[in-house]
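J.: next come a sequence and a model predicted from it.
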Amino acid sequence: MKRINWGVVGFLFELCALILWVGGLIVIIALVIPAVFNSFGMEAAGRFLRRVFDGFGLMNVWILILLSVVAGIRFRAFGHNPSEMFAVSSVEWWLLAGMGIMTFTILVVLGPQAISLQEEAFEAVSKEDKDIAYAKFFRLHMIVRACHLVNFGLAASLLIAKVRKALFHRSMALR
């Protein structure tokens, strides 16, 4: 009877989760945002995209939980020995920590402020008040977008590190 290699199973779960994270943001940026803004007015599009990014953020939290649990199990089973294929490297821990910090910043620190400013802009009556409110919102929104891109870079880096490790493990272990 063949035994299941749980290192491989965990690794595949991690790859799928990271592909969801990276691919999800690419789809949102490249397809969803342009389609929504070309189909709806500013307010309706803004409200819809807020829901999209709320869902994306929630998905990222679950992915971070999955990645952290699997990394913890791998660390317990394989340690951080570079000769072990499923060992957890310090790079993985740092990238996971960075992703966690960025996700927390987006969802807990900046997100509620951006939502509040967005609602303020939507509810403004005069053109002058609307312009001022939108200016405040878009300043903060630029920071939120930058955080999403940094988080994308961290997730893509972790994905690349894992694929690289899988492809070149033998040659890296011989060094």
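T.: Cool, got the structure.
J.: next one: stretch 156-167 to chain centre, how far?
T.: Centre-to-centre, stretch 156-167 and its host chain are 16 Å apart (Cα atoms, centre = their mean, to the nearest Å).
J.: er, stretch 81-95 I mean
T.: For stretch 81-95, the gap between its own C-alpha mean and the chain's C-alpha mean amounts to 20 Å (Cα atoms, centre = their mean).
J.: how long is it end to end?
T.: Start to finish, the residues bounding stretch 81-95 are 18 Å apart (Cα to Cα, to the nearest Å).
J.: what does the helix or strand where residue 37 lies contact?
T.: Element membership for residue 37, per DSSP states H and E: helix 33-39. The contact list for helix 33-39 (Cβ atoms under 8 Å, 6 or more residues apart in numbering) reads 45, 48-49, 52. Placement of C-beta: from N, CA and C, glycine included.
J.: just the closest of those residues to residue 116, please.
T.: Sorting those by distance to residue 116 puts residue 49 at the head of the list, at 16.0 Å, by Cβ to Cβ.
J.: OK, contacts around that closest one?
T.: By Cβ under 8 Å, 6+ apart, the contact list for residue 49 reads 32-33, 36.
J.: can you tell me the element it falls in?
T.: Counting by DSSP H and E, the element that carries residue 49 is helix 42-78.
J.: before we move on, the earlier item: let's see if you can find the most crowded of the contacts of helix 33-39.
T.: Neighbour tally across the contacts of helix 33-39 (other Cβ atoms under 10 Å): the maximum, 18 neighbours, falls on residue 49.
J.: the longest helix in the protein is where?
T.: Within the chain, and with DSSP state H defining each element, the longest helix by residue count is helix 127-173.
J.: show the average pLDDT along it.
T.: The predicted model gives helix 127-173 an average pLDDT of 90.
J.: and that helix with helix 42-78, angle?
T.: When axes from the mean of the first three to the mean of the last three Cα atoms, to 10 degrees is applied, the directions of helix 127-173 and helix 42-78 differ by 20 degrees.
J.: show me what helix 127-173 is packed against.
T.: Of the remaining helices and strands, those touching helix 127-173 by 3 or more Cβ pairs under 8 Å, 6 or more residues apart in numbering; DSSP states H and E are helix 6-27, helix 90-104, helix 111-123.
J.: quick check: angle from the longest one to helix 90-104?
T.: Meaning helix 6-27. Interaxial angle, helix 6-27 versus helix 90-104 (the same axes, to 10 degrees): 40 degrees.
J.: again with the shortest one
T.: For helix 111-123 and helix 90-104, the angle between their directions (the same axes, to 10 degrees) works out to 30 degrees.
J.: counting by contacts, list what helix 111-123 packs against.
T.: Judged by 3+ Cβ pairs under 8 Å, 6+ apart, the packing partners of helix 111-123 are helix 42-78, helix 127-173.
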